[in-house]
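*Asks:* Quick one, fold the following:
(one chain, ligands or ions: 2)
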Amino acid sequence: MPKFAANLTMMFADRPFLERFKAAADAGFRYVEYLWPYDYPAAELKALLDKHGLKQVLFNSAAGDTKNGEWGLTALPGRESEARRDIDQALEYAIALECPTVHIMAGVVPAGADRNAYLNTYIDNVRYASERFRPHGIHIVLEALSPQVKPNYLLKSQYDTLAAVEAIDRDNVRIQFDYYHAQNVDGQLSAMTKAMFARIGHIQIASVPDRHEPDEGEVNYPYIFALLDELGYAGYIGCEYNPRGKTEDGLGWLAAYREK
Ligand SMILES: O=C(O)C(=O)[C@H](O)CO
Ligand SMILES: [Mg+2]
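*Replies:* Ligands and ions are numbered 1, 2, ... in the order given. Sure thing, here's the model as predicted:
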């Protein structure tokens, strides 16, 4: 049975961030994820998780100066000390939040820049993260982002992510397989799921093309969920979608999967 996590960056977004924890619990979720925790003390977030009986299952390393187009510093040559500071900060939060997995954001490769230099910087910095996270049993995931969401991101295809994970070659570094991006770029979702399954550390879902609830559009999610069950996926599935309207009104798709 899939373990669904509410993505509190996108879901319940009609209320202030700190109120979304209660909303998720009231809607029946036991797991949550969101992009970044750094605007709040970790202890405050942990208290909210505990109060509402929730487990945090994923968040991201810091993205850098997003207003000026940054989307992660980990792959940026010359920015290694900032990237490692952000990795250390993510580790502190993961320990405090008892979060098992962190997405280490790569970054955007400017037009005309040498992609290999960015990839090599990412590999070195993720290996640093892997060594820092290992004693705490915390996993790292890397995610491909489709060009319609983040043009020129270092990792675009699921095959880019697989190649990076293989090059990094550390047992606590895996793929964050987001079916929305995977369908936008690669297609053949069930074949990729099977081929990459051993390397998948976290999953996210949304409809394609509109990034809404997973009950519309071109991806047959009931088929994907059954396949993940068949393969024995034991991780979490983040509901990283923009609800069509009020989040609660769009949760009909979840009824069949509610944990008893
Ligand atoms: O955009 C996504 O799909 C993500 O999961 C990241 O956390 C943000 O780029
Ligand atoms: Mg995602």
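*Asks:* List the contacts of Cys99.
*Replies:* Remark: with contacts taken as C-beta atoms under 8 Å, 6 or more residues apart in numbering, Cys99 is in contact with Gln56, Val57, Leu58, Phe59, Tyr93, Ile138. Any C-beta I mention is one placed from the backbone N, CA and C, and that applies to glycine too.
*Asks:* Can you give me the distance of it to Ala226?
*Replies:* Between Cys99 and Ala226 the distance is 28 Å, computed by C-beta to C-beta, to the nearest Å.
*Asks:* Same check on Asn242?
*Replies:* Applying C-beta to C-beta to Asn242 and Ala226 gives a distance of 25 Å.
*Asks:* Compare these two and say which is more crowded by neighbours.
*Replies:* When neighbours are counted by other C-beta atoms under 10 Å, Asn242 and Ala226 differ, and Asn242 comes out ahead with 17 against 12.
*Asks:* Can I take it that Phe177 is in a strand?
*Replies:* Yes. According to DSSP: H, G, I helix; E, B strand; the rest coil, the state of Phe177 is that of a strand.
*Asks:* Up against ligand 1, what does the stretch 51-200 of the chain have?
*Replies:* Where proximity means C-beta under 6 Å from any ligand atom, the interface of the stretch 51-200 of the chain facing ligand 1 comprises Asn60, His103, Glu143, Leu145, Val149, Asp178, His181.
*Asks:* Show me the strands in the stretch 151-260 of the chain, by range?
*Replies:* Counting by DSSP state E, counting those that start in this stretch, the stretch 151-260 of the chain has these strands, from start to end: 173-178, 200-205, 236-239.
*Asks:* For beta bridges, what are the partners of the closest residue to Asn60 other than its chain neighbours?
*Replies:* Ranked by C-beta to C-beta, 6 or more residues apart in numbering and with sequence neighbours excluded, the top spatial neighbour of Asn60 is His103, at 4.5 Å. The residues paired with His103 through beta bridges, assigned by DSSP bridges, are Asn60, Val141.
*Asks:* so who does His103 touch?
*Replies:* If you count contacts by C-beta under 8 Å, 6+ apart, His103 has them with Leu58, Phe59, Asn60, Ser61, Ile140, Val141, Leu142, Glu143, Gln176, His202.
*Asks:* and of those, the nearest to ligand 2?
*Replies:* The shortest approach to ligand 2 among the contacts of His103 belongs to Glu143, at 5.5 Å (C-beta to the ion).
*Asks:* The closest one: how many residues sit nearby?
*Replies:* Using other C-beta under 10 Å, Glu143 has 21 neighbouring residues.
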